[in-house]
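Trainee: here's my sequence, what's the structure:
(2 chains, ligands or ions: 2)
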Amino acid sequence: MAQTTHGLGGLKYDPTKRTRAAEWNVFFALLLIVFIFEVLNRLNGSSFLFNMRDNVDAIFNKQRLDIMILQVAITGIIAIGVTQVIILGGIDLSSGSLVGATAMIVMSFAQTALVNGNPNPKAIFGDWAMDLPVIVPIVVGMGCGVLAGVVNGLLIAYTRIPPFIATLGMMVTARGVARWWSNGQPVSFPTESYSHLSNGDILGTLTFGALPWPGQNPAVVFVVLAILFHVLMTRTVYGKRSYAIGSNEAAARMSGINVDRHKVLVYTIAGCLAAVAAILLTSKNLTAQAGMGVMYELDAIAMAVIGGISLSGGRGSILGTVLGAMIFSTIISGFTSIRLDAYYQEMVKGAIIVAAVVLDQWRQRQRARG
Amino acid sequence: MSDIVLETRGLTKRYGGVHALEDADFILRAGEHVAVVGDNGAGKSTFVRQVTAVEQKTSGQIFFDGREVEFADPLAAREAGIETVFQTLALADDLDVPSNLFLGRELFKWRFGPFSWLDRKAMRDRTLEALKTTAVKIPNVDNPIRNMSGGQRQCVSIARTAAFASKLVIMDEPTAALGVQETAQVENIIRGLKERGIPMILISHNLRQVFDLVDRIVVFRRGRIVASLNRDETDGNDIVSYITGVKGGADVADA
Ligand SMILES: Nc1ncnc2c1ncn2[C@@H]1O[C@H](COP(=O)(O)OP(=O)(O)O)[C@@H](O)[C@H]1O
Ligand SMILES: [Mg+2]
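Mentor: Numbering: from 1, shown residues only, chains lettered A, B, ... in the order given. Ligands and ions are numbered 1, 2, ... in the order given. Okay, the predicted model is just below:
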């Protein structure tokens, strides 16, 4: 048996036991859920993952996987930001609305003047804003993300408004901006180069055609961002400060960490990631509507929670959230695959979120008991 | 006098109407270990928080290392050479031991603002070294300290202070929550500091410990300093009568 030392209050501590990375549990859960849906589909003579049509020469069910991958990518990019905010001990409810507002604004700088020889049905600005270089909408979009993130961060850090309230305010405001900007109409038909952002084949280009993956640029961006932020969170002082603040803000302050400035930075990064999602989403769909991104903030939070984050801060990881995003998307696609009604899907989604939080609370109590 | 490390003159702190600290004149000399004792609520922790700039004083002056100081925040005090173990543990439970030891003063491989690359190996090595010199036993420094006993966590906090100690160490009730063995360990660390000639302010309720470790005992009562006594010229009963107000009610001794 492992040697245990006893501290005050009978707290036990096993020195030889290294806590197994919680991400493994999430990974096994993912495998299990995929397996369950595969079985459920097989009962109807279909398959969840695999191609069953004789006229198509493919191993996997490409159609379904493409939808899942896109969903994981877009919402997952938001979830990467939300994860950092929650680790910091905060919450961000504004990301879904921010996607909507950014989508509307970005698309009006990405429009093309002529659609099949006819003028663009809804030109937000005059001719000067037509057929702009692709860098313009990108910069404008990132500007939206920075602006919203900085406002969130400043409100939370310096006026000490609880993050829940501050970002709820931003959620309502940003959705208002989206509605006002759209005035009830979608903005559509971006330039070719803008549509290429999502629909091109960056992986194929970068690998000189060795790994063609057309139309999946959002997934490539998602993977790159996940790796980038995983590294930042684990290897740089950026992550160390985030975990420290989420773990014990007073201690972080006493240790000389500029807590307020760091909060602004993290919320700004979360805003930027929502803006990236908005750009990729509009580029993929070739249109923007005021209702874009509704509830994405909750989906993103759900992904983080399923991935094992603690809503009280200080714990969780980007890797966990990536796995959580895959579980989330698997469950949604899984229910579609067994033809569960959309209303039930919403209810199940809600139940998953609550269950994940309950599980987190339970884990914390277990831990406190030792 | 040049051998004075820390001096406060008329140091005062009020929380609204609460006079937590009144007109405290305090002197600490080079190499000296001084105990601060007093009832709960006497103002001991408040005194520490003013000196270390966790809070901003209401009035009075603080001299440290030969000049008057106005620290803007705890980091400034720490950078000036004051290392403190606060009464409420200033540890991040979700971080491992090296991260806690180096919290706010990490070592870097290369610097790039908030994205500076951590030198994790160097921090780990120096943590093990620090724990060795302080004889603190932590079985696995790579685990988050959440899972450690109260004593081990306190030891991490104290090891941090001892490892970075340069000009002055302050410990606010470091052994209040510890068992016998752990208390002995902390007392050994304090003796080590004495040998290294590092001056210290020790806040403690444990008179046995105080008489064992320090040169001088300062008694706080109701926000005021009511006595400053050399260890060899006093005893437990004497101290207790100052703490409880039997002695020193009217004629306040000079610190
Ligand atoms: N932040 C605060 N606000 C109001 N009163 C406080 C605060 N901190 C301490 N006090 C009061 O100041 C007095 C001294 O407290 P403290 O310095 O913690 O005492 P000690 O450490 O000697 O037990 C107590 O009466 C306490 O209630
Ligand atoms: Mg106290």
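
Trainee: mind listing the strands for the chain?
Mentor: Answering for chain A, as no chain was given. Secondary structure of chain A (DSSP state E): strands at A:5-6, A:12-13, A:114-115, A:118-119, A:187-188, A:287-288.

Trainee: actually it's chain B I care about, not the one you picked
Mentor: Per DSSP E, chain B carries strands over the ranges B:4-15, B:18-29, B:33-38, B:59-64, B:67-68, B:82-85, B:108-110, B:117-118, B:168-172, B:200-203, B:216-221, B:224-230.

Trainee: just want the residue of the stretch 51-200 of chain B that's nearest chain A.
Mentor: For the stretch 51-200 of chain B, the residue closest to chain A is residue B:149, as judged by C-beta to the nearest C-beta, at 1.8 Å. Heads up, the C-betas are built off the backbone N, CA and C, glycines and all.

Trainee: for that residue, grab the count of nearby residues.
Mentor: Under the neighbour criterion other C-beta atoms under 10 Å in any protein chain shown, residue B:149 is assigned a count of 23.

Trainee: before we move on, the earlier item: which one, of the strands of chain B, ends up nearest to residue B:49?
Mentor: For the strands of chain B, the distance to residue B:49 is smallest for strand B:4-15, at 7.7 Å, taking C-beta to C-beta.

Trainee: report the angle between the closest one and strand B:59-64.
Mentor: Interaxial angle of strand B:4-15 relative to strand B:59-64 (axes from the mean of the first three to the mean of the last three C-alpha atoms, to 10 degrees): 150 degrees.

Trainee: adjacent strands (with direction) for strand B:4-15?
Mentor: Applying DSSP bridges, strand B:4-15 is found paired with strand B:18-29 (antiparallel), strand B:59-64 (antiparallel).

Trainee: comparing those, which comes out most buried?
Mentor: Of all the strands paired with strand B:4-15, strand B:18-29 carries the top mean neighbour count, a mean of 19, counting by mean count of other C-beta atoms under 10 Å in any protein chain shown.

Trainee: can you tell if that strand touches ligand 1?
Mentor: Yes. Using C-beta under 6 Å from any ligand atom, we find that strand B:18-29 touches ligand 1 at B:18, B:20.

Trainee: again with stretch B:4-16
Mentor: Yes. Residues of stretch B:4-16 are located near ligand 1 by C-beta under 6 Å from any ligand atom, namely residue B:15.

Trainee: neighbouring contacts of that stretch?
Mentor: Residues from elsewhere that reach stretch B:4-16, judged by C-beta atoms under 8 Å, 6 or more residues apart in numbering or on different chains: B:19-30, B:32, B:43, B:46-47, B:49-51, B:55, B:57-66, B:167-168, B:199, B:201.

Trainee: now the stretch 201-350 of chain A against ligand 1: closest residue?
Mentor: Proximity of the stretch 201-350 of chain A to ligand 1 (C-beta to the nearest ligand atom) peaks at residue A:250, 12.3 Å away.

Trainee: would you check that that residue makes contact with residue B:92?
Mentor: No. Judged on C-beta atoms under 8 Å, residue A:250 makes no contact with residue B:92 at a distance of 10.0 Å.

Trainee: thought residue A:326 was touching residue A:23, still the case?
Mentor: No. Applying C-beta under 8 Å as the test, residue A:23 and residue A:326 come out as separate, 11.7 Å apart.

Trainee: look at the two and report which has more neighbours.
Mentor: Taking residue A:23 and residue A:326 together and counting by other C-beta under 10 Å, residue A:326 has the greater number of neighbours (23 against 19).

Trainee: how close does the more buried one get to residue A:21?
Mentor: Applying C-beta to C-beta, to the nearest Å, the value for residue A:326 to residue A:21 is 16 Å.

Trainee: and residue B:227, by the same measure?
Mentor: Using C-beta to C-beta, we find residue B:227 at a distance of 56 Å from residue A:21.

Trainee: which of the two has more residues huddled nearby?
Mentor: Per other C-beta under 10 Å, whichever of residue B:227 and residue A:21 has more neighbours is residue B:227, with 24 against 13.

Trainee: what's near enough to touch the more buried one?
Mentor: Residue B:227 is in contact with B:217, B:218, B:219, B:239, B:242, B:247, B:248, B:253, counting by C-beta under 8 Å, 6+ apart.

Trainee: from these, which has minimum pLDDT?
Mentor: Minimum pLDDT for those is recorded at residue B:253 (47).

Trainee: before we move on, the earlier item: including distance to residue A:213, could the strands of chain B go into JSON lines?
Mentor: What follows is those, written out as JSON lines (distance: least, C-beta to C-beta, whole Å):
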{"stretch": "strand B:4-15", "distance to residue A:213": "63"}
{"stretch": "strand B:18-29", "distance to residue A:213": "66"}
{"stretch": "strand B:33-38", "distance to residue A:213": "68"}
{"stretch": "strand B:59-64", "distance to residue A:213": "63"}
{"stretch": "strand B:67-68", "distance to residue A:213": "65"}
{"stretch": "strand B:82-85", "distance to residue A:213": "55"}
{"stretch": "strand B:108-110", "distance to residue A:213": "34"}
{"stretch": "strand B:117-118", "distance to residue A:213": "31"}
{"stretch": "strand B:168-172", "distance to residue A:213": "59"}
{"stretch": "strand B:200-203", "distance to residue A:213": "64"}
{"stretch": "strand B:216-221", "distance to residue A:213": "71"}
{"stretch": "strand B:224-230", "distance to residue A:213": "74"}
